[in-house]
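In: Sequence and predicted model, in that order:
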Amino acid sequence: MSAPAITPVVVRLKLSLLRNGLRQSGGRKAAYIASAVVALLFAALQLIGLIALRGFDHVESLVVLLVAVLGLGWAVMPLFFPGGDETLDPTRLVMLPLRPRPLVRALLAASLVGIGPLFTVSLLAGSVIAVAHGGTAFAVGVLAVPLALLVCVALARAVAAANVRLLTSRKGRDLAVLSGLVIAVGAQLVNFGAQRLGSSGLEQLAPAADVLRWLPPASALGAVHSAGEGSYGVAAAQLALTASALAVLLVVWSRTLTRLMTSPDGSTLPAGDTTVRERGTSGPARLLPPGRTGTAMERTLRYVWRDPKTKAAWVTSLAVGLIVPVFNAWQGTGSVYFACFAAGMLGIQMYNQFGQDTSAFWMVAMTISSPRDAYVELRARALALLLITLPYAALVTVLTTAMLGDWARLPETLGLSFALLGAMLATGAWTSARFPYSIPQEGYKNVAPGQTGLAWISIFGGMLTAAVLCAPVIGLTIWLNVSEAGDGRLWLLLPVGAVYGAGLALGGLRLAAPLTARRLPEILTAVSKG
């Protein structure tokens, strides 16, 4: 009696996981439905746009590039979002008597269920319609679409299987924090590319497309275009190349599965000897001030380096704070004042300071018995942030100024950045005590359920207040730029902004200290909900 096929079972398992995941909470269901609607709407608009491009010169270059980027996205997304699909971890099936080949077929079929494959099919179908000319080209397109889709899915599965040990470890969770950086950089690259295409047309994509049309899965769409131009031999070679890539990926995936199913997990092996080093006795920690200030600064910096959620926020802020002014300056459309965006993004890290402590905040609360203790704690956290934010904001400002060649405005831009940074430290300290909220340690949410309103009030209310507090420096900058008497005095904005920002920061810390000391039980309750 032959064994029953496992493909339908694994597909039903994928559907059950999806259905049960949506039943966990109304918020998760709403988020999934909203993301599905947005993805399908974008897919429909993309399909319409590709069809509308049919007949345009060099549209095949754009299509090949789009499919190549799509394949790259399928390859890297499992690394940054390993929790998005529970079936990406085949080690969960290690106790079942399954052979690699049937398991590969079953997991490959399960991978075709979801929004991602539907979006991919929409893009591939639109690409075929955009470049196909003649019945032969459309016939090749019928083969190209499933081939390209299977290459994308097999590539994602092979990458995920090869890195499954990493993705399920602490380092894997740390790797996921780079997703914000990838999204930020990708958005800016797309924006930059769209502007360049709008100004000079699609023909500049031709050199890159000539190379990518021979790389799977883009080679499948290259075959459609080649068939439309009568180059049937080239089209056959490109289809064969795509099919060969699929076969290689399936073999690699199968071998990886065999190794995963038969090799022991490193977590079950006895750990080697470790040496415990005393904290704070060596390295840069020795340079920190003594007493509570240095201890709190070191704790804050360790959060930045070790805590995945804190690291994610910092990586995203550092990247976006640099990308926005630099990319705009690179395109020649920016202003030196865009450099203040770096100070604003980094200043946000002062908000919800106690949320990163979660329930462990009780240890901090036990050491605070007076407003003075609270002031020293908040001041230490602000100083730790300044170790990173102050030189980084200055570096971004100098770099943006150098790219634009507008050195005359460097002092005033630095002054504005320092004033904004001081204002955000002040408002961040106060809102940390008045509107604290919990940051869940698991998942990708940065706010515990029921505390979204607190997060919005804390961050956006604080940012608006910081902008208002900077009004005097902004007003002085405008007056010196429009007034004849201001010529030659713009350099004064640097010391004025620095002193004003320092004064705001100290004033905000002193206002927040008694509030923090008075609301310790409320803060502990709020940050312990995650």
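Out: Looks like it arrived, so ask away. Numbering: from 1, shown residues only.

In: And what about the closest residue to residue 523 other than its chain neighbours, helix, strand or coil?
Out: Distance criterion C-beta to C-beta, 6 or more residues apart in numbering; nearest residue to residue 523, sequence neighbours excluded, is residue 436 at 4.8 Å. Using the backbone N, CA and C atoms, a C-beta is placed for each residue, glycine as well. Under the three-state scheme (DSSP: H, G, I helix; E, B strand; the rest coil), the conformation of residue 436 reads as coil.

In: so how far is residue 42 from residue 436?
Out: Spatial separation of residue 436 from residue 42 under the definition C-beta to C-beta, to the nearest Å is 36 Å.

In: neighbour-wise, which of the two wins?
Out: Neighbours were tallied for residue 436 and for residue 42 using other C-beta atoms under 10 Å; the higher tally belongs to residue 436 (26 against 13).

In: quick one on the thing from earlier: the residue nearest to residue 523 touches residue 354, doesn't it?
Out: Yes. The pair residue 436 and residue 354 passes the contact test of C-beta atoms under 8 Å, sitting 5.1 Å apart.

In: Need the residues touching each of the two.
Out: Residues within reach of residue 436 and of residue 354 at once, by C-beta atoms under 8 Å, 6 or more residues apart in numbering, are 523, 527.

In: Which elements pack onto the helix or strand harbouring residue 497?
Out: Assigned by DSSP states H and E, residue 497 falls within helix 493-518. Helices and strands touching helix 493-518, as assessed by 3 or more C-beta pairs under 8 Å, 6 or more residues apart in numbering; DSSP states H and E, comprise helix 371-404, helix 410-434, helix 471-482.

In: out of the ones you listed, deepest packed?
Out: Among the helices and strands packed on helix 493-518, judged by mean count of other C-beta atoms under 10 Å, the one packed with the most neighbours on average is helix 410-434 (a mean of 27).

In: average pLDDT across that one?
Out: The pLDDT scores in helix 410-434 average 92.

In: and if you look at stretch 58-66?
Out: Summarised as a single mean, pLDDT over stretch 58-66 is 87.

In: same thing with stretch 10-29?
Out: Per-residue pLDDT values over stretch 10-29 give a mean of 73.

In: any chance you could map the strands in this structure?
Out: With DSSP state E as the criterion, the chain has no strands.

In: So which helix or strand of it has the lowest pLDDT on average?
Out: Least confident element among the helices and strands of the chain, by mean pLDDT, DSSP states H and E: helix 170-176 (a mean of 56).

In: JSON lines for the helices and strands packed on helix 493-518, including distance to residue 121?
Out: Formatted as JSON lines, the helices and strands packed on helix 493-518 follow (distance: least, C-beta to C-beta, whole Å):
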{"stretch": "helix 371-404", "distance to residue 121": "42"}
{"stretch": "helix 410-434", "distance to residue 121": "45"}
{"stretch": "helix 471-482", "distance to residue 121": "51"}
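
In: from the chain's centre, how far out does stretch 50-69 sit?
Out: Here stretch 50-69 is found 27 Å from its chain centre; the criterion is C-alpha atoms, centre = their mean, to the nearest Å.

In: Let's see the distance spanning that stretch from one end to the other.
Out: 16 Å (C-alpha to C-alpha, to the nearest Å).

In: Would you mark the buried spots in that stretch?
Out: 50, 53, 59-69 (16 or more other C-beta atoms under 10 Å).

In: One more: stretch 331-340?
Out: Quick answer for stretch 331-340 (16+ other C-beta under 10 Å): 334, 336, 337, 338, 339, 340.

In: tell me the mean pLDDT over stretch 239-248?
Out: pLDDT averaged over stretch 239-248 equals 94, rounded to a whole number.

In: in the stretch 251-400 of the chain, which spans are helices?
Out: Shown for the stretch 251-400 of the chain, the helices assigned by DSSP state H, counting those that start in this stretch span residues 291-306, 308-331, 340-347, 361-365, 371-404.

In: Next, format the ones you listed as a markdown table and append mean pLDDT and distance to residue 450.
Out: Conversion of these to a markdown table gives the following (pLDDT from 0 to 100; distance: least, C-beta to C-beta, whole Å):
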| stretch | mean pLDDT | distance to residue 450 |
| --- | --- | --- |
| helix 291-306 | 87 | 24 |
| helix 308-331 | 82 | 18 |
| helix 340-347 | 88 | 26 |
| helix 361-365 | 89 | 18 |
| helix 371-404 | 92 | 26 |
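
In: among those helices, which is nearest residue 517?
Out: helix 371-404 (4.3 Å; C-beta to C-beta).

In: now that closest one: how far from the chain's centre is it?
Out: So, by C-alpha atoms, centre = their mean, the centroid of helix 371-404 is 23 Å from its chain's centroid.
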